[in-house]
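Peer 1: need a 3D model of the following:
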Amino acid sequence: MIKALIFVLLTLCYIILKNYFEGRFLKKYEASDEFCLSTLAVARKCSAYDIFHSAAKDWGFSEAKVESDFRRYLKTGDIPHYISTYVRQNIREMDHQYRFLVQPPGSLPRSWSA
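Peer 2: Just a heads-up that it's a prediction; the model follows:
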């Protein structure tokens with residue numbers, strides 16, 4: 001009886017801690033450049049590549065720079081400063097309604113996996 005009670009208590013603690021830490025990580029992720037870029041792309045019904053081109057057009061960068069920066073983004077996940085600035089300036093509050101399409105609740109981002 002005591003072993004069963006301990007098992008139930010440990011299971012409950014595990015569930016509570018798991019939900020707590022996932023909630024903290026998701027809040028940090030939703031403030032990240034990666035999340036904002038994905039959300040803006042979904043809201044505009046285009047790709048991240050198209051967002052890169054729109055940002056480069058606003059900043060006056062060449063096609064070669066866009067291609068280079070996008071390739072680096074795909075390889076390393078690094079988002080250039082001009083992209084993050086563009087995304088944060090152009091994302092609207094109503095665009096956040098798409099956040100569950102970008103990252104379903106209760107799961108961590110793919111880039112955070114071990």
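Peer 1: distance check, the spatially most central residue of the chain against residue 87.
Peer 2: Nearest to the geometric centre of the chain sits residue 35, at 2.5 Å (CA atoms, centre = their mean). Residue 35 sits 10 Å away from residue 87, taking CB to CB, to the nearest Å as the criterion. The C-beta positions use only the backbone N, C-alpha and C, and glycine is treated the same way.
Peer 1: repeat for residue 36
Peer 2: For residue 36 relative to residue 87 (CB to CB), the value is 5 Å.
Peer 1: what do the two both touch?
Peer 2: With CB atoms under 8 Å, 6 or more residues apart in numbering applied, the contact sets of residue 36 and residue 87 do not overlap.
Peer 1: contacts only, for residue 51.
Peer 2: Residue 51 sits next to 37, 40, 41, 44, 83, 86, 87 when contact means CB under 8 Å, 6+ apart.
Peer 1: now the buried members of those residues.
Peer 2: 37, 40, 41, 83, 86, 87 (16 or more other CB atoms under 10 Å).
Peer 1: what about these, which are in helices?
Peer 2: Here DSSP state H is the test, and the buried ones among the contacts of residue 51 give 37, 40, 41, 83, 86, 87 as lying in helices.
Peer 1: ok, so of those residues, who is nearest residue 57?
Peer 2: The closest of these to residue 57 turns out to be residue 86 (CB to CB; 9.6 Å).
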